[in-house]
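J.: sequence below, structure please.
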Amino acid sequence: MKVTTGANPIRLSDYYMPTLKETPADAEIVSHQLLLRAGFMRQTASGIYSLLPLGWRVVQKIEQIVREEMDALGAQEMRLPIMQPEEMWRQSGRWDDYGPELMRLHDRHDRGFCLGPTHEEIISALIAADIKSYKQLPFALYQMNTKYRDEIRPRFGLLRGREFLMKDCYSFHACADDLDDYYEKQAVAYGRICDRMGLTWRRVRADSGQIGGKVTAEFHAIADVGESDIVYCDCAYAADIDTLSDEGTAREICPLCGKKLQRARGIEVGQVFQVGPQYSQTMGASYADADGSEHPPLMGCYGWGITRSLAAAIEQNHDEQGIKWPLAIAPYQVVIIALGDSDQVAEAVQNTSTQLIAAGIEVAIDDRNERPGTKFADADLVGWPYQVVIGERGLKAGTVELKERSTGEKREIALEKVTATLSERTRRPDSVSFEKSKIHE
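T.: Numbers count the residues shown, from 1 in each chain. Prediction:
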C-alpha cells in the first residue's frame with residue numbers, strides 16, 4: 001500500500017475534465033445532469049457509468065470517510081469476489097426469491113453464478129470454515145466493492161443504476177446483547193458519515209426487505225427527488241411511510257412526543273440490519289460455547305451506498321450554475337484561476353499554489369487558454385469550494401479575488417493573506433485531510 005501526499009497541484013490544461021455546455025437530454029435529475037456536464041462521469045450503457053478523474057476523486061474521499069468510521073469500530077477491511085456461485089444462493093434460498101434483479105450468468109462449463117448485489121451468503125460461508133469457538137467472537141469485516149442489480153428501468157443516474165459502489169460490513173456475535181450494542185455503534189457511525197459529508201439526513205424506521213431480520217434502520221438524505229416518502233419529527237423520530245399503518249394518526253402525529261409530523265422525500269444512502277442467525281444457519285456456520293454446545297453466530301449487516309451518496313450530496317448542494325461541493329468531499333478545495341499569461345501572473349500562481357499545498361490545502365490551477373468567462377463558468381459548474389482569481393490588474397494593487405462557492409461571496413484580499421485566509425476556512429472540524437490519509441491498494 002502506498003500513501004500519496006499530493007505535493008503538486010493539478011493543472012487543468014492537462015487534466016481530463018471534459019465539461020459540457022448543454023444538458024444531456026436523457027439526464028432527468030440535477031445530480032445526473034451536473035455529473036455529466038461537469039465532467040465527473042460518462043454513461044457507458046443504460047445504468048452503467050465510467051467515473052472520470054474528478055468523479056473518482058470524490059468517490060475516494062467518500063470511501064475514506066467511511067473507512068475511517070469503520071476502522072474506528074474495529075471492523076477489518078477485506079475484499080470478497082463479485083462473482084458468487086449459484087449453489088450458495090440456492091443454499092440460502094435466495095436464488096429464486098431474489099427475483100429478476102439478480103444478475104445471473106453461466107461459465108463455459110455451464111456452472112451458474114451471479115454478480116453480487118450483496119454478500120451475506122459468501123461472507124457466511126467464508127467464516128463457517130474457520131469459526132469454531134465463542135472465543136473467536138465478536139468480529140466485523142467490511143469491503144468497498146462493486147455491486148450489480150438488473151434494474152428493469154435504470155434511471156436518475158447514480159441513484160438507480162445497474163452497477164454501483166457500496167460499502168458492506170458484516171459483524172458476527174455470540175449473544176444478542178452484543179449484537180444490539182454493535183448495531184447501535186454502527187448506526188451512530190452512519191450519522192457521523194452523513195455529518196462529515198455535509199448531508200441533511202434522517203435515521204428512519206424501515207423494512208428489512210430482501211436482506212432479512214426484524215431490526216433495521218435506513219439513513220436518508222433529504223431531497224425532493226428521493227424515492228422514499230418519510231415522516232419525521234424534531235424529537236428524532238422518523239419512519240418510511242410505507243412501514244406505517246393506513247390510519248391517519250400514524251402518519252400525522254409523532255408517537256414519541258405527540259407533535260405534528262413533517263413529511264419529506266428521502267434518498268436512502270445507508271441501512272443497518274440485525275439479521276440474527278438466518279445466514280449462519282443456512283450456510284452452516286456455528287461455534288461452540290463455553291459448555292461445548294453449538295450455536296449459529298448472530299449477524300449484523302451494514303450497507304452504505306458510496307456512489308449513491310455522491311449523487312445525494314449534489315442533490316442537496318447545487319444552484320443554477322452548478323455544484324456546491326461540501327468541503328470534505330470536494331475533488332479539490334481550491335481552484336486558482338489564472339487570468340493572462342504574463343510572467344507576473346505565472347509567478348503569483350506558482351507561489352500561491354506552493355504556499356497553499358504546504359499548508360495542507362488541495363489545489364487545482366486553471367491555466368487553460370480559455371476566456372475568463374469560460375473559466376468562471378466552469379469553476380462554478382465543477383463546484384470547487386473556493387476560487388482564487390489572479391490577474392494582472394489585481395496584482396498591480398497586490399490583491400486577488402476570493403470567491404466562496406457555497407455562499408457566492410466575493411471579496412478582494414491581499415495576495416500575501418490568501419494562504420492564511422484559506423487555511424482558516426478549510427480547517428473546519430468536519431474537514432478531512434484527504435491527501436495525507438488516502439491509501440491506494
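J.: name the strands paired with the helix or strand residue 273 falls within and say parallel or antiparallel.
T.: Assigned by DSSP states H and E, residue 273 belongs to strand 262-276. Applying DSSP bridges, strand 262-276 is found paired with strand 215-222 (antiparallel), strand 228-232 (antiparallel), strand 298-305 (antiparallel).
J.: what does the next helix-or-strand element following that strand contact?
T.: Note on strand 262-276: by DSSP H and E, the next helix or strand toward the C-terminus is helix 278-282. Residues from elsewhere that reach helix 278-282 (C-beta atoms under 8 Å, 6 or more residues apart in numbering): 91-93, 120-121, 123-124, 128, 172, 212-213, 285-286, 296-299. Every residue, glycine included, has its C-beta placed from N, CA and C.
J.: and the strand holding residue 273, which residues are buried?
T.: Residues 264-276 are the ones in strand 262-276 that count as buried (16 or more other C-beta atoms under 10 Å).
J.: before we move on, back to that, figure out which of the strands paired with strand 262-276 is closest to residue 60.
T.: Residue 60 lies closest, by C-beta to C-beta, to one member of those: strand 298-305, at 14.6 Å.
J.: in CSV, could you pull the C-alpha coordinates for that closest one?
T.: Extracted in CSV, the C-alpha atoms of strand 298-305 (Å, rounded to 0.1, in the frame of the first residue of the first chain):
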residue,chain,number,x,y,z
LEU,A,298,-25.7,-13.8,15.2
MET,A,299,-25.0,-11.5,12.2
GLY,A,300,-25.4,-7.8,11.7
CYS,A,301,-25.2,-6.2,8.2
TYR,A,302,-24.4,-2.6,7.4
GLY,A,303,-24.5,-1.2,3.9
TRP,A,304,-23.5,2.3,2.6
GLY,A,305,-24.0,3.5,-0.9
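J.: who are the packing partners of the helix or strand following that strand?
T.: Sequence-wise, the next helix or strand downstream of strand 298-305 (DSSP H and E) is helix 306-316. For helix 306-316, the elements it packs on are helix 30-37, helix 53-72, strand 163-173, strand 215-222, strand 262-276, judged by 3 or more C-beta pairs under 8 Å, 6 or more residues apart in numbering; DSSP states H and E.
J.: residue 395 is nearest to which of the ones you listed?
T.: That would be helix 53-72 among the helices and strands packed on helix 306-316, by C-beta to C-beta, at 28.9 Å.
J.: and for the closest one, what's in contact with it?
T.: Contacts of helix 53-72 (C-beta under 8 Å, 6+ apart): 15-17, 35, 38-41, 51, 77, 140, 142, 144, 165, 167, 169, 189-190, 192-193, 196-197, 304, 306-307, 309-310, 325, 328-332, 382, 432, 434, 437-439.
J.: hey, C-alpha coordinates of it in CSV?
T.: Extracted in CSV, the C-alpha atoms of helix 53-72 (Å, rounded to 0.1, in the frame of the first residue of the first chain):
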residue,chain,number,x,y,z
PRO,A,53,-10.8,11.6,-12.6
LEU,A,54,-12.9,14.2,-10.8
GLY,A,55,-15.7,11.7,-10.1
TRP,A,56,-13.3,9.1,-8.9
ARG,A,57,-11.5,11.5,-6.6
VAL,A,58,-14.8,12.4,-4.9
VAL,A,59,-15.6,8.7,-4.6
GLN,A,60,-12.2,8.1,-2.9
LYS,A,61,-12.9,10.9,-0.4
ILE,A,62,-16.3,9.3,0.5
GLU,A,63,-14.7,5.9,0.8
GLN,A,64,-12.0,7.4,3.1
ILE,A,65,-14.6,8.9,5.4
VAL,A,66,-16.5,5.6,5.5
ARG,A,67,-13.2,3.7,6.0
GLU,A,68,-12.2,5.8,9.0
GLU,A,69,-15.5,5.3,10.7
MET,A,70,-15.5,1.5,10.1
ASP,A,71,-11.9,1.2,11.3
ALA,A,72,-12.7,3.2,14.4
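J.: could you list the buried residues of that helix?
T.: 54-55, 57-67, 69-70.
J.: please apply the same query to stretch 148-159.
T.: 148, 149, 150, 154, 156, 157, 158, 159.
J.: just for the stretch 301-441 of the chain, where's the confidence low?
T.: Scanning the stretch 301-441 of the chain for pLDDT under 70 picks out 428-441.
J.: hey, where'd the helices end up in it?
T.: 306-316, 343-358, 372-382, 392-396, 418-426, 434-437 (DSSP state H, counting those that start in this stretch).
J.: and the residue nearest the centre of this structure?
T.: residue 306 (3.2 Å; C-alpha atoms, centre = their mean).
J.: returning to that earlier point: nearest to residue 422, of the helices and strands packed on helix 306-316?
T.: helix 53-72 (18.2 Å).
J.: what about the strands in the stretch 1-150 of the chain?
T.: For the stretch 1-150 of the chain, the strands defined by DSSP state E, counting those that start in this stretch occupy 2-3, 10-11, 41-45, 48-51, 76-77, 83-85, 103-106, 112-115, 139-148.
J.: how far does stretch 230-243 stretch from start to finish?
T.: End-to-end distance of stretch 230-243: 10 Å, with C-alpha to C-alpha, to the nearest Å as the criterion.
J.: any idea of the mean pLDDT for that stretch?
T.: Mean per-residue pLDDT for stretch 230-243: 88.
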